[in-house]
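> fold the following and give me the result.
(4 chains)
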Number of protein chains: 2
Amino acid sequence: MPPAPRRPTIDDVAASAGVSRGTVSRVLNGGRYVSAAASAAVERAVLETGYVVNSSARSLATRRSGAVALVLAESAGRLFEDPSFPVLLRSCTQALAERDLVLMLLLAGSPSERDRVLRFLRGAHVDGALLVGVRAGDPLLEEVGRSGLPVVTSGHVGEPGGGPCSVAADDRGGARAAVEHLRSRGRRRITTVAGPQDTSGGVERLAGFVDVLGPRAGAADVVAAQDWTHAAGERATTELLQRVPDLDAVVAGSDVVASGVLAALHRAGRAVPDDVAVVGFDDAPVAVQLDPPLTTVRQPLAEVGRRMVDLLAARLAGEDPRSLVLPTELVVRAST
Amino acid sequence: MPPAPRRPTIDDVAASAGVSRGTVSRVLNGGRYVSAAASAAVERAVLETGYVVNSSARSLATRRSGAVALVLAESAGRLFEDPSFPVLLRSCTQALAERDLVLMLLLAGSPSERDRVLRFLRGAHVDGALLVGVRAGDPLLEEVGRSGLPVVTSGHVGEPGGGPCSVAADDRGGARAAVEHLRSRGRRRITTVAGPQDTSGGVERLAGFVDVLGPRAGAADVVAAQDWTHAAGERATTELLQRVPDLDAVVAGSDVVASGVLAALHRAGRAVPDDVAVVGFDDAPVAVQLDPPLTTVRQPLAEVGRRMVDLLAARLAGEDPRSLVLPTELVVRAST
DNA sequence: CGACGGCCTGGGAGCGCTCACAGTAGCGAG
DNA sequence: CTCGCTACTGTGAGCGCTCCCAGGCCGTCG
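I've put the predicted structure just below:
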């Protein structure tokens, strides 16, 4: 192997361009106070030498890394099975790329992972953090906050006004819309297979359900799925059917849960939507593929990601933006 | 705001522990040649000052970043819709974390994204790269290679032996097993809705199909889906049914495609498996949720991710490991 | 004609760390 | 008693960049 051709440094470029290090740096960083001649010479030298700035050196000098952490607080399994997650991940990554930031993915499910993440965040690896899957009151929230890093979370955390900066979809309002839609369709015995109650989405959507039907609904008509999965939805529905044999509508905690609801209803010989109407949540790809295609509450997931990045960028710029709640939208299909 | 309490540096720790910078550094890095007393004093001082090493400074000095890029070469949409992707992403992230490496996610779908990625890889941000979704002959492959960075790819790229280090599942063998299974079940008119032919998986799986049925199969019995989606599978199946009305088996390019195949067959009034047997590919979560539950070829996706990291770690350690092909496994369910 | 201010440039001083090297102490062997 | 060896410690010299300041050059104004 040849003796590892040393990567060109800024001094090599300076020498090749016949200017000083300082001038090269100025050109590289949007150069104010640089003559056209010097600028051109540097551009040429950069091309000629194949120079690329060394990010570590730059970070050390500027105390900026150009990277942002995406911290996944929920247990890894749960988040990675959720069809929403890829959408969020993608929109965050793209929005960051547009700002010339890069995304570092960190898992913070287990306690040991959380320790690692915390240490990592304190190590000046990243300029800020995006938190996904934290629940209100999660100690991670405070611990990350104590690192002094700008943070933006997704979902509903803390009371409005206080707490960290966050972006959420209007889960509660969406659930209300779903129930009202079912009522307007003449449904009388409306039930719900809610999402897991240790997630902010699960709680908020159930709250919207109760908003419309009153707390009395909590008694028999509510079953919470253990997970955001098909299997959990199916299991919960079976239980629900035993408790409320005369139900004529089910609000599912998510589309994936709804797919389990449909399966259980099918097995129980109930026709959808003739005997039972079903509403999902998310408008995941699976919604249109189900039989019948699913009425659902669309979440603007891509926009959540984009806005999270917007807010984080604002915080990096020293501003103090307000948390956001984005509207959801009922999409009516054949299941209601 | 208080005057930003300067983060403690290694010198602060040294002063607090009453030793020199060098000794602190030695303790921090697994310290050979450090007395127990000094070691203890440093540990204490680290705790007391709340010191965390500054990664930029360390990277600058060591020329190691502790980060690895995960480059997504396929157009972002395609990859993010694929249920396999989260599994791969998760296993890579976890495996990297176990080695104290962190994952940076980079999108390289569009040409401009590719440029950004290449510049990034040359900028000493990362110690190595994992490439996902590249096709054989993709120029990105060579360009990344030219950056001099250790690289491991997923899927089949280049000829065995040559080319970059890669980890792939035995797509071709799996497809052969699927066809032979259908034959052993007495199916006579076996067709395929292959995956998109501009992906390595799509090509390999079709090749396995042809291996068993002979090149003659290429004529009428093969339709390639435009994408790895439900909709594309449905469309392709409709076309296939027109061309081969008497088909009695379909090998789908993936489970998601198979879900489209099932939908189209259902709509055409064909019973599964009585009239037509269907085999999927991947053993994605959706496979068991379909009606009927899908016979499929399981891909050891989590292991692919883990092995990719293993190989990359080996390359980082200066070794030159061989590419890997992991076995696939037929999972028989009710659709055949 | 000198003072002044706007452009532009060069170079020193860090950023916080690791690494190589020089140097000290302690101890057994010769 | 000296030598040499091992165990440990401190220090200087970077790693490659940005920031800041001093200074040169020019044109303009009093």
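> residue in chain A nearest to DNA strand C?
Using CB to the nearest atom of the strand, the closest approach of chain A to DNA strand C is made by A:G22 at 2.6 Å. For the C-beta atoms, the positions are set from N, CA and C on the backbone; glycine is no exception.
> what's downstream of the worst-scoring helix or strand of chain A on mean pLDDT, the next helix or strand?
Least confident helix or strand, chain A: helix A:76-81 with a mean of 76, by mean pLDDT, DSSP states H and E. Remark: after helix A:76-81, the chain's next helix or strand is helix A:84-98, criterion DSSP states H and E.
> mean confidence for that following helix?
Average pLDDT, helix A:84-98: 94.
> now do stretch A:32-51
91.
> please see if whichever helix or strand A:M308 is part of touches DNA strand D.
Assigned by DSSP H and E, A:M308 belongs to helix A:301-316. No: shown here: helix A:301-316 not in contact with DNA strand D (CB under 7 Å from any atom of the strand), separated by at least 14.2 Å.
> can you list contacts of that helix?
A:68, A:84, A:87-92, A:94-96, A:99, A:101, A:127-130, A:150-152, A:154, A:165, A:167-169, A:282, A:320-321, A:323-324, A:326 (CB atoms under 8 Å, 6 or more residues apart in numbering or on different chains).
> before we move on, what about stretch A:108-119?
Contacts of stretch A:108-119 (CB under 8 Å, 6+ apart): A:69, A:71-77, A:106-107, A:140, A:143-144, A:147, B:52, B:97.
> in that stretch, which residues are buried?
A:108-109, A:113-114, A:116-118 (16 or more other CB atoms under 10 Å in any protein chain shown).
> what's the closest of those residues to A:V286?
Checking the buried residues of stretch A:108-119 against A:V286 with CB to CB, the nearest one is A:G109 at 24.3 Å.
> how about the secondary structure of that closest one?
Three-state call for A:G109 (DSSP: H, G, I helix; E, B strand; the rest coil): coil.
> if I pick the most centrally placed residue in chain A, what's in contact with it?
Nearest residue to the geometric centre of chain A (CA atoms, centre = their mean): A:L88, 4.5 Å. Applying CB under 8 Å, 6+ apart to A:L88 gives the contacts A:132, A:154, A:301-302, A:304-305.
> how about A:F80?
A:F80 neighbours (CB under 8 Å, 6+ apart): B:86-87, B:89-90.
> again, only using 10 Å
Listed by CB atoms under 10 Å, 6 or more residues apart in numbering or on different chains, the contact set of A:F80 reads A:72, A:74, A:86, A:89, A:107, B:83, B:85-91, B:93.
> repeat for A:A220
A:191, A:240, A:243-244, A:247.
> dump those residues to TSV, plus neighbour count and pLDDT.
Listed next are the contacts of A:A220 as TSV, based on neighbours: other CB atoms under 10 Å in any protein chain shown; pLDDT from 0 to 100:
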residue	neighbour count	pLDDT
A:T191	27	95
A:L240	22	94
A:R243	13	93
A:V244	17	93
A:L247	23	95
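> looking at strand pairing, list the partners for the closest residue to DNA strand D within the stretch 151-300 of chain A.
As assessed by CB to the nearest atom of the strand, DNA strand D sits closest to A:V151 within the stretch 151-300 of chain A, at 23.7 Å. Note on A:V151: beta-bridge partners by DSSP bridges are A:A129.
> tell me how far it lies from A:S91.
18 Å (CB to CB, to the nearest Å).
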